[in-house]
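**Student:** Structure of the sequence below:
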Amino acid sequence: MGDIAGKRVLVREDLNVPMADGKVTDDTRLRATLATVTELADKGAIVLVLAHFGRPKGPSAEFSLAQIVPAYQAVIGRPVGYVDWEGDKDSVAGLKPGDIAVLENTRFFSGEEKNEPAVVERFAALGDLYVNDAFSAAHRAHASTEGLAHRLPSFAGRAMEAELDALDKALGSPEHPVAAVVGGAKVSTKLDVLKQMVAKVDHLIIGGGMANTFLAARGVDVGKSLCEHDLTGTAEEILDAAEKADCIVHLPYDVVVAKEFAANPPTRTVNVHEVAADEMILDVGPAATEALGDVLKTCRTLVWNGPMGAFEIAPFDTATVALARTAAALTREGSLVSVAGGGDTVAALNHAGVAADFTFVSTAGGAFLEWMEGKELPGVKALES
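**Tutor:** Model prediction:
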């Protein structure tokens, strides 16, 4: 990047934080920007932070990034300016080397999401260099995530760099044996992921509601459990592909069942062949969970997306918490590289109290999933070209 003192650097970050009563309720994404933004400011750059916020239908106070500036200032520990799209050039011209300012919501321009050249030019006119530090938005070919990379000298930010490095260690050039935990409610949302994983990993651990569809494909009566019976044929195809690729698929053989999905209802732990017609499978049983922990002990790399059971409600969080704690312990002792991502997954690891022990936890939802599906991410590809 060379000497950047006095240069205006447009930095695409993810400031799409949750808010309640005008206050930021979780500043994780704000903290993730620190390394890049402060390094650039310390080197004398004029840092202009580009970000979207929500899904506005045009300019509105409800979706203005002005409201996150106080919280951002508190996280960064230095003054943070705010630049509206009215008179933006004059506002930016008044900034000095080392200053940091947040530009108004990029989605106030209808052409942002369409990657319209006029919007790309509008943004580019404000900067000399472009840094993309928002992996979570890298699966979108928008003006601020993809277009700008072709218009200004462009670079990856520190958070983006860390994410791509972690993802490469997990699936790009991982150390084998590799295990993937893929959970969640439905096979239909993870079809492409499952197809990719069987070709790349040595052990595929399937949990959550989607495991029921695979059990049904194997001839198991899953009772009232969440199950996509119309996808059992697809599940069979994935199991056949795994066999050809020497990938071992792990499905639960004992499960925790209940007649209702509620907190702490009467439950039974049974063999999968003993599920009654009026019962639902809501978690993986203790024997299967222990066996899965033993699988992880033989592996060098783990990529995790999705919970093992209905972890939001006790006691159906047991398998997810137990397996996450095993993975965390193996990571701490240096025998496992563990990479996890996706909204539910981050919530589950936080719930288990082990997110900090994993090698890398991605807060990206869609981008992490598309990366697991083997898709090219426009925001990343633009930096490479």
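**Student:** how about the strands in the stretch 51-200 of the chain?
**Tutor:** Secondary structure of the stretch 51-200 of the chain by DSSP state E, counting those that start in this stretch: the strands cover 81-83, 100-103, 129-132, 154-156, 178-182.
**Student:** So which elements touch the last one?
**Tutor:** In other words, strand 178-182. Here strand 178-182 touches helix 191-200, strand 203-206, strand 301-305, going by 3 or more CB pairs under 8 Å, 6 or more residues apart in numbering; DSSP states H and E. Any C-beta I mention is one placed from the backbone N, CA and C, and that applies to glycine too.
**Student:** Now do stretch 150-168: distance to the chain's middle.
**Tutor:** Offset of stretch 150-168 from its chain centre (CA atoms, centre = their mean, to the nearest Å): 16 Å.
**Student:** so which of the strands of the stretch 51-200 of the chain gets nearest A367?
**Tutor:** Between A367 and the strands of the stretch 51-200 of the chain, the shortest separation by CB to CB is 11.7 Å, and it involves strand 129-132.
**Student:** neighbouring contacts of that closest one?
**Tutor:** 1, 4, 7-12, 36, 40, 45, 124, 138, 145, 148-149, 151-157, 160, 379, 382-383 (CB atoms under 8 Å, 6 or more residues apart in numbering).
**Student:** care to break this protein down by domain?
**Tutor:** Here the domain parsing of the chain from automatic domain parsing is 8-156, 164-372.
**Student:** The ones you listed into CSV, with extra columns for mean neighbour count and mean pLDDT?
**Tutor:** What follows is the domains of the chain, written out as CSV (neighbours: other CB atoms under 10 Å; pLDDT from 0 to 100):
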stretch, mean neighbour count, mean pLDDT
domain 8-156, 19, 94
domain 164-372, 20, 94
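**Student:** want to throw the helices and strands packed on strand 178-182 into JSON lines with distance to F360?
**Tutor:** Output for those, formatted as JSON lines (distance: least, CB to CB, whole Å):
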{"stretch": "helix 191-200", "distance to F360": "17"}
{"stretch": "strand 203-206", "distance to F360": "19"}
{"stretch": "strand 301-305", "distance to F360": "10"}
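**Student:** Of all these, which one comes closest to S338?
**Tutor:** Going by CB to CB, the one of the helices and strands packed on strand 178-182 nearest S338 is strand 301-305, 4.5 Å.
**Student:** Pairing partners for the closest one, with directions?
**Tutor:** Strands flanking strand 301-305 in the sheet, each with its direction: strand 178-182 (parallel), strand 337-341 (parallel) (DSSP bridges).
**Student:** Which one of the helices and strands packed on strand 178-182 lies nearest to V256?
**Tutor:** Judging the helices and strands packed on strand 178-182 by CB to CB, what sits closest to V256 is strand 203-206, at 16.1 Å.
**Student:** for that closest one, packing partners?
**Tutor:** strand 178-182, helix 191-200, strand 248-250, helix 286-297.
**Student:** Alpha carbons of that strand, as PDB, please.
**Tutor:** The C-alpha trace of strand 203-206 is given here as PDB (Å, rounded to 0.1, in the frame of the first residue of the first chain):
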ATOM      1  CA  HIS A 203     -15.900 -37.100   8.500                       C
ATOM      2  CA  LEU A 204     -19.300 -35.400   7.900                       C
ATOM      3  CA  ILE A 205     -21.300 -35.100  11.100                       C
ATOM      4  CA  ILE A 206     -24.900 -34.200  10.400                       C
END
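**Student:** Return the list of strands paired to it, each annotated with direction.
**Tutor:** Sheet pairing of strand 203-206 (DSSP bridges) gives strand 178-182 (parallel), strand 248-250 (parallel).
**Student:** Pipe the strands of the stretch 51-200 of the chain into CSV and attach distance to Q73 per row.
**Tutor:** CSV is the format used below for these (distance: least, CB to CB, whole Å):
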stretch, distance to Q73
strand 81-83, 9
strand 100-103, 9
strand 129-132, 20
strand 154-156, 25
strand 178-182, 38
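**Student:** so which of the strands paired with strand 301-305 gets nearest T25?
**Tutor:** Taking CB to CB, strand 337-341 is the member of the strands paired with strand 301-305 nearest to T25, at 21.0 Å.
**Student:** got the angle for that closest one vs helix 286-297?
**Tutor:** Orientation note: strand 337-341 sits at an angle of 120 degrees relative to helix 286-297 (axes from the mean of the first three to the mean of the last three CA atoms, to 10 degrees).
**Student:** quick one on the thing from earlier: include distance to G374 when you put the helices and strands packed on strand 203-206 into JSON lines, please.
**Tutor:** Listed next are these as JSON lines, based on distance: least, CB to CB, whole Å:
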{"stretch": "strand 178-182", "distance to G374": "13"}
{"stretch": "helix 191-200", "distance to G374": "5"}
{"stretch": "strand 248-250", "distance to G374": "18"}
{"stretch": "helix 286-297", "distance to G374": "23"}
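**Student:** List the neighbours of stretch 217-236 that are in contact with it.
**Tutor:** By CB under 8 Å, 6+ apart, the list of residues contacting stretch 217-236 reads 185-188, 191, 209-210, 212-216, 239, 251, 257, 259, 272-273, 275-282.
**Student:** Could you do stretch 305-312 as well?
**Tutor:** By CB under 8 Å, 6+ apart, the surrounding residues in contact with stretch 305-312 are 180-184, 190, 193, 207-208, 210, 256, 261, 282-284, 289, 316-321, 323, 340-342, 344-345, 347-348, 351, 368-369, 372.
**Student:** And for stretch 84-91?
**Tutor:** Outside stretch 84-91, the residues that touch it by CB under 8 Å, 6+ apart are 59, 66, 81, 83, 101, 103-104, 108-109, 125-126.
**Student:** how far is that stretch from where the chain is centred?
**Tutor:** Relative to its chain's centre, stretch 84-91 lies at 33 Å (CA atoms, centre = their mean).
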